[in-house]
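# Sequence and predicted model, in that order:
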Amino acid sequence: MAYAVVLFRRLFFICFALVFINACTSQTHQGDTQVDALLWSTASAEYEIIARQIYYQAGRQLDRMLSSKSDESALLEQGDNYEKRPLAIIVDIDETILSNGPFHYQLLSEGKNFSEQAWSDWVNQARSKPVPGALEYITHAAQKGVTVFYLTNRDTTLFEPTWRNLKEVGFPLSDKNQLLMREAQKDKEEDIYPNWDKGARRAQIAAHYHVIQMIGDSLDDFMNNTEHMTPAERREASSHYLAYWGDKWFMLPNPVYGGWENAILNQGETPSTGDSTNAKYRFIRGGESQGVW
């Protein structure tokens, strides 16, 4: 009996140790991959080269469209009879023209998850710096007489520091209608919910402008109703517009966060670290990420 008790205790502690080690390994892996993503997108020559390539190509295509007086439109919401309207481009803000690397490093160093309060505190500091190539491209477009619209899912309560940040780093802004932010809406039960879909705001621009280019870092910067798509559905949806990519649509890489991650996690809100890691491993083990290409 005494031997059985000792054996049971040893087995119990072995199992406990294995669970503990697995949990620590999982958390370390998540932290390491997050650090890698941040380092690559804020410190690597490779990221800077890719960003500058994208903006350089966008500028070349912009000049081509202007010189040929092209009547092409970049907006799926453009509608009819737009050809004689003033020309415009639409750019996303976060991780497209402004980098928030220091904010994400701060979260990691403090062991915290994303929160609206932490985000609000960061935005109010107006410390985000331009993504490489963004300032040159947007300045060039403005000098060519193209109106620049900054379309972001930052909340409208953050309008003033966002405007200040953009102006201080040199982005051309003269009319507050150029900065379109996310507002809360009411559903049929009068519950407040955030308007993450940018389609209505793109349509608002389309009513008065001929939009010739769009730049973003997530699929929802270009098309509607992507929030609840699976990764396979997102790839399928984007494949219908192959002629747009690199011509009228330009995508910046963002391995840190975004719609791609929510699609894998199959939820709209930022998950806890543990849930996020487990969901990603389930996705890999299930084979959903295999054979994509």
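Cool, the structure landed. Residues are numbered from 1 along each chain as shown.

# what about the nearest residue to G133 once chain neighbours are set aside, which SS state?
Take G133 and drop its neighbours on the chain: the residue closest to it by Cβ to Cβ, 6 or more residues apart in numbering is Y55, 3.2 Å away. In this view, the C-beta of every residue, glycine as well, is placed from N, C-alpha and C. Assigned by DSSP: H, G, I helix; E, B strand; the rest coil, the conformation of Y55 is helix.

# for the stretch 51-200 of the chain, what spans make up the strands?
Ranges of strands in the stretch 51-200 of the chain, per DSSP state E, counting those that start in this stretch, are 87-91, 98-99, 129-130, 147-155, 179-182, 184-186, 192-194.

# CSV for those, including mean pLDDT and distance to T162?
Formatted as CSV, the strands of the stretch 51-200 of the chain follow (pLDDT from 0 to 100; distance: least, Cβ to Cβ, whole Å):
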stretch, mean pLDDT, distance to T162
strand 87-91, 98, 13
strand 98-99, 98, 9
strand 129-130, 98, 14
strand 147-155, 97, 6
strand 179-182, 96, 7
strand 184-186, 66, 17
strand 192-194, 64, 16
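
# Turn these into TSV, including distance to N254 and mean neighbour count.
Shown next, in TSV, are the strands of the stretch 51-200 of the chain (distance: least, Cβ to Cβ, whole Å; neighbours: other Cβ atoms under 10 Å):
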stretch	distance to N254	mean neighbour count
strand 87-91	14	23
strand 98-99	10	23
strand 129-130	15	16
strand 147-155	13	20
strand 179-182	18	20
strand 184-186	25	11
strand 192-194	20	10
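
# I'd say E83 and E72 touch.
No. Using Cβ atoms under 8 Å as the test, E83 is too far from E72 to be in contact (9.7 Å).

# Comparing those two, which residue is more hemmed in?
Set E83 next to E72 and count neighbours by other Cβ atoms under 10 Å: E72 wins out with 16 against 12.

# which ones are touching that one?
Residues in contact with E72 (Cβ atoms under 8 Å, 6 or more residues apart in numbering) are M65, I212, K248.

# Among the residues you listed, which are located in helices?
Secondary structure from DSSP state H places M65 of the contacts of E72 in helices.

# Among the contacts of E72, name the buried ones.
For the contacts of E72, a burial check counting by 16 or more other Cβ atoms under 10 Å picks out M65, I212, K248.

# Tell me how far H228 lies from F283.
16 Å (Cβ to Cβ, to the nearest Å).

# Repeat that for V148.
37 Å.

# do R234 as well
As judged by Cβ to Cβ, R234 and F283 stand 13 Å apart.

# Helix or strand for the residue lying closest to L76 once chain neighbours are set aside, just tell me which one.
Leaving aside its chain neighbours, L76 sits nearest to M223 (6.0 Å; criterion: Cβ to Cβ, 6+ apart). Per DSSP states H and E, M223 falls between elements, in no helix or strand.

# The residue nearest to G133: neighbouring residues, count only.
Per other Cβ under 10 Å, the neighbour tally for Y55 reads 23.

# Mind pulling up the pLDDT for it?
Predicted confidence (pLDDT) for Y55: 98.

# Phi first, then psi, for N81.
Main-chain torsions, N81, degrees, to the nearest 10: phi 60, psi 50.

# And L252, by the same measure?
For L252, the backbone dihedrals (degrees, to the nearest 10) come out as phi -90, psi 140.
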